[in-house]
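Undergrad: only the shape, not the letters, is given here:
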């Protein structure tokens, strides 16, 4: 068996072994070490001196001092703090009052609440369950259609892994070696487009058939000033926090990890302001952060060795050759890769998909002339479906876990379908209008123009010599 | 056997909890660095090295904690439908096949790696402050030892489960919010898949 074929066997075996349910991080490490042992095997070398062990240790250390991944625990910490800041019920209520003249006001309020809160915390499960306890009962009480009520919560809660500053984008940036900052800028417009389409969908449904989303009765007593005050107290601080975190990253005032640290501090201040800060909650957040970061970063430890061995055996080249021999156009390649990712989203979670499968697609991007930034945005949008598309929709299960008795899983699934369709529409729109992705990065990070060169000035080196070096 | 499992659990959990506080130090030191740079206009030389060391130490030392809490992500959409006995059998085999080789590499090669670094008191090349790097490399070995212990506890769990037909309960710890809420308000009919 030739080495590149062996690499494919390694990949196939790994995918089969995932389904045995062993922790994936360790499966990755083991596959890397076993196949690497074969790849680096020298008959005269002692068993323990095989170079794969050294490679593994070195790779582990490279994950430990990776300066992109530092922001993952910091953003997780910020998320856990804000999650516990007793902020969600105020937020939902204030938006409900503030938006009460919009058709389908409660559903729109729920979507906006979800989007904002999910963006701040980035933890889908927490947002969906919290909203399921706060917003779902009040929507159902007001006579909302079960499908719409369930759909907005599952779809809105999932936005947290897309809209920056999201952890998914950091993981992609670390895997694909693109700049986190640029990726944030690139995802901003498509993220807002998706959220906007969600809102437009709900409003349209409410206008077409008002009986689906009746106007709630209990929020009528508020005057203009009272409503404004409510929104000011609940909505503005959190929105300001997110905007300042995001803004300081985009305007280059702080690195993502610095902004995340400031965001975590801001979250603590916010929690104190809402009188929700306790020692116990801080402890919980700290411990959960450690556990969740260990989970994500160990996947990186595993995939670092796996990917190096896969590449060393020539797997990347073989995959590239196979795709090249298929003779696809760029569009066909993009559609094929997005379908593969969509399907992977059923059994797997986004962390595994990005860390394990993105490195396989990456070498192909150059061949098909796809910008890794653009691919990342498409991927991030597509992975929304990993949470939303039945039968393995995690968000639906989160909601079902706390939903009132009358709400069936099937109804929640039906509620998810339109939103899955909107995600796919957004994917298509993003492909048709790539300006959505490129506009903001170009605005923020346009390359400095070349300075005029004066050939008579002896103190300046002729810049052409750099061009000849390339 | 249960006594040993419990002891290892508590040990891994305590170490994980202790190192978890690194995140607070990391938050504080990063904010301090931002403050020094923008307000006092005198950025520190050690902040960058310190940040990745705190991060590295935190997630590595929490690895074993995540193992004994069962929070390393599994591709479990077949696994969760099996009976506990089958789960335990598969896990038992895979712990020996997949888990211990990597742990071995962390301990054996990791200690040579760290020793090479410690012998010359290697320091970071990122700043003139010369922050020592070798303690961070020692963390790899420490993680290996912790993972070894956690693995032994997990293997014993599998053995107990194969004997009794049900998983021995894990000691209590902080839980994700969705798990807590589902427990408090759940309707117990359709929990997570």
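TA: Arrived safely, thanks for sending. Note that the structure is predicted; figures quoted are calculated from it, not measured.

Undergrad: now chain B against chain A: closest residue?
TA: Closest residue of chain B to chain A, C-beta to the nearest C-beta: residue B:79 (2.5 Å). To be clear about C-beta, it is placed using only N, CA and C from the backbone, and glycine gets the same treatment.

Undergrad: so that residue makes contact with residue A:24?
TA: No - at 11.4 Å, residue B:79 and residue A:24 do not qualify as touching, with contact defined as C-beta atoms under 8 Å.

Undergrad: the two: who's more crowded?
TA: Just comparing residue B:79 and residue A:24: by other C-beta atoms under 10 Å in any protein chain shown the higher neighbour count belongs to residue A:24, 27 against 17.

Undergrad: I'd assumed residue B:73 was in contact with that one.
TA: Yes - at 5.8 Å, residue A:24 and residue B:73 qualify as touching, with contact defined as C-beta under 8 Å.

Undergrad: secondary structure element holding the spatially closest residue to residue B:140 that is not a sequence neighbour?
TA: In space, and not counting its chain neighbours, residue B:140 is closest to residue B:110: 3.9 Å by C-beta to C-beta, 6 or more residues apart in numbering or on different chains. Per DSSP states H and E, residue B:110 falls inside helix B:100-119.

Undergrad: please identify the buried residues of that helix?
TA: Across helix B:100-119, burial judged by 16 or more other C-beta atoms under 10 Å in any protein chain shown covers B:100-107, B:109-111, B:113-114, B:117-118.

Undergrad: neighbours around residue B:165, how many?
TA: If we define neighbours as other C-beta under 10 Å, then residue B:165 has 11 of them.

Undergrad: and for residue A:461?
TA: 10.

Undergrad: downstream of the helix holding residue B:110, the next helix or strand is which one?
TA: helix B:134-164.

Undergrad: the helix or strand just after that following helix and chain A, any residue contact?
TA: Per DSSP H and E, the first helix or strand lying C-terminal to helix B:134-164 is helix B:177-185. Yes - under the criterion of C-beta under 8 Å from any C-beta of the partner chain, chain A is reached by helix B:177-185 at B:177, B:178, B:181, B:182, B:185.

Undergrad: so what sits against both of residue A:24 and residue B:73?
TA: A:299, A:352 (C-beta atoms under 8 Å, 6 or more residues apart in numbering or on different chains).

Undergrad: contacting residues for the most centrally placed residue in chain B?
TA: Compute the mean C-alpha point of chain B, and by C-alpha atoms, centre = their mean the closest residue is residue B:63, 1.3 Å away. With contact taken as C-beta under 8 Å, 6+ apart, residue B:63 is in contact with A:294, A:298, B:143, B:146, B:147.

Undergrad: recalculate using a threshold of 10 Å.
TA: A:25-26, A:290-291, A:293-295, A:297-298, A:301, B:12, B:16, B:19, B:72, B:106, B:143-144, B:146-147, B:150 (C-beta atoms under 10 Å, 6 or more residues apart in numbering or on different chains).

Undergrad: same question for residue B:91.
TA: Contacts of residue B:91 by C-beta under 10 Å, 6+ apart are A:20-23, B:74, B:79, B:98-99, B:154-155, B:157-158, B:161-162, B:167.

Undergrad: now do residue B:54
TA: Each residue near residue B:54 by C-beta under 10 Å, 6+ apart is listed here: A:70, A:73, B:19, B:21-27, B:29-30, B:136.

Undergrad: thinking again about what came up before, and for residue B:79 and residue A:24, which residues touch both?
TA: Common neighbours of residue B:79 and residue A:24 (C-beta under 10 Å, 6+ apart) are residue A:18.

Undergrad: related to what we said a few turns ago, now for the helix holding residue B:110, which elements pack on it?
TA: Helix B:100-119 is packed against helix A:24-39, helix A:51-64, helix A:279-312, helix B:134-164, with contacts defined by 3 or more C-beta pairs under 10 Å, 6 or more residues apart in numbering or on different chains; DSSP states H and E.

Undergrad: the closest residue to chain B within the stretch 101-250 of chain A and residue A:350, how far apart?
TA: The minimum distance from the stretch 101-250 of chain A to chain B, using C-beta to the nearest C-beta, falls at residue A:125 (3.7 Å). Distance, residue A:125 to residue A:350, using C-beta to C-beta, to the nearest Å: 13 Å.

Undergrad: any chance you could list residues touching both of those two?
TA: A:387, A:394.

Undergrad: which residue in the buried residues of helix B:100-119 has the weakest pLDDT?
TA: Least confident entry in the buried residues of helix B:100-119, by pLDDT: residue B:118, with 82.

Undergrad: mind pulling up the pLDDT for the nearest residue to it once chain neighbours are set aside?
TA: Nearest-residue entry for residue B:118: residue B:134, 4.2 Å, with adjacent residues in sequence omitted and distances by C-beta to C-beta, 6+ apart. If you check residue B:134, the pLDDT there is 84.

Undergrad: tell me the contacts of residue B:134?
TA: Going by C-beta under 10 Å, 6+ apart, residue B:134 touches B:113, B:114, B:115, B:116, B:117, B:118, B:119, B:120, B:121, B:122, B:123.

Undergrad: again, only this time at 6 Å
TA: Neighbour list for residue B:134: B:117, B:118, B:122 [criterion: C-beta atoms under 6 Å, 6 or more residues apart in numbering or on different chains].

Undergrad: can you check residue A:52 too?
TA: Applying C-beta under 6 Å, 6+ apart, the residues contacting residue A:52 are A:33, A:36, A:37, A:40.

Undergrad: from the residues of helix B:177-185 next to chain A, which is closest to residue A:335?
TA: Taking C-beta to C-beta as the measure, residue A:335 sits nearest to residue B:178 out of the residues of helix B:177-185 next to chain A, at 33.8 Å.

Undergrad: ok, the closest residue to that closest one other than its chain neighbours - how many residues close by?
TA: Excluding the flanking residues, the one nearest residue B:178 by C-beta to C-beta, 6+ apart is residue A:125, at 3.7 Å. Using other C-beta under 10 Å, residue A:125 has 22 other residues around it.

Undergrad: please, which helix or strand holds residue A:125?
TA: helix A:124-141.

Undergrad: show me what that helix packs onto, helices and strands only.
TA: Packing partners of helix A:124-141 (3 or more C-beta pairs under 6 Å, 6 or more residues apart in numbering or on different chains; DSSP states H and E): helix A:88-98, helix A:105-121, helix A:146-158, helix A:394-402, helix B:177-185.

Undergrad: next to chain B, which bits of the stretch 151-300 of chain A? Give me the list.
TA: A:258, A:261-262, A:264-265, A:284, A:286-291, A:293-295, A:297-298 (C-beta under 6 Å from any C-beta of the partner chain).

Undergrad: could you redo the last one with a cut-off of 8 Å?
TA: A:253-254, A:257-258, A:261-262, A:264-265, A:282-284, A:286-299.

Undergrad: so where is the chain shaky, pLDDT-wise?
TA: Answering for chain A, as no chain was given. A:1-2, A:219-220, A:447-452, A:466-470 (pLDDT under 70).

Undergrad: not quite, I wanted chain B
TA: Looking at chain B by pLDDT under 70, you get B:186-193.

Undergrad: hmm, 50 instead?
TA: Along chain B, the model assigns pLDDT under 50 to residues B:188-193.

Undergrad: nearest residue to residue A:95 other than its sequence neighbours?
TA: residue A:109 (3.9 Å).

Undergrad: can you name the residues that contact the one you found?
TA: Residue A:109 makes contact with A:92, A:95, A:96, A:98, A:99, A:135, according to C-beta under 8 Å, 6+ apart.

Undergrad: and for residue A:264?
TA: A:74, A:77, A:78, A:81, B:27.

Undergrad: by neighbour count, which of these wins?
TA: Going by other C-beta under 10 Å, residue A:78 tops those with 31 neighbours.

Undergrad: against which helices or strands is the helix or strand harbouring it packed?
TA: Using DSSP H and E, residue A:78 maps to helix A:71-83. On a contact count with 3 or more C-beta pairs under 8 Å, 6 or more residues apart in numbering or on different chains; DSSP states H and E, helix A:71-83 meets helix A:105-121, helix A:124-141, helix A:167-176, helix A:224-250, helix A:256-273, helix A:279-312, helix B:22-38, helix B:47-61.
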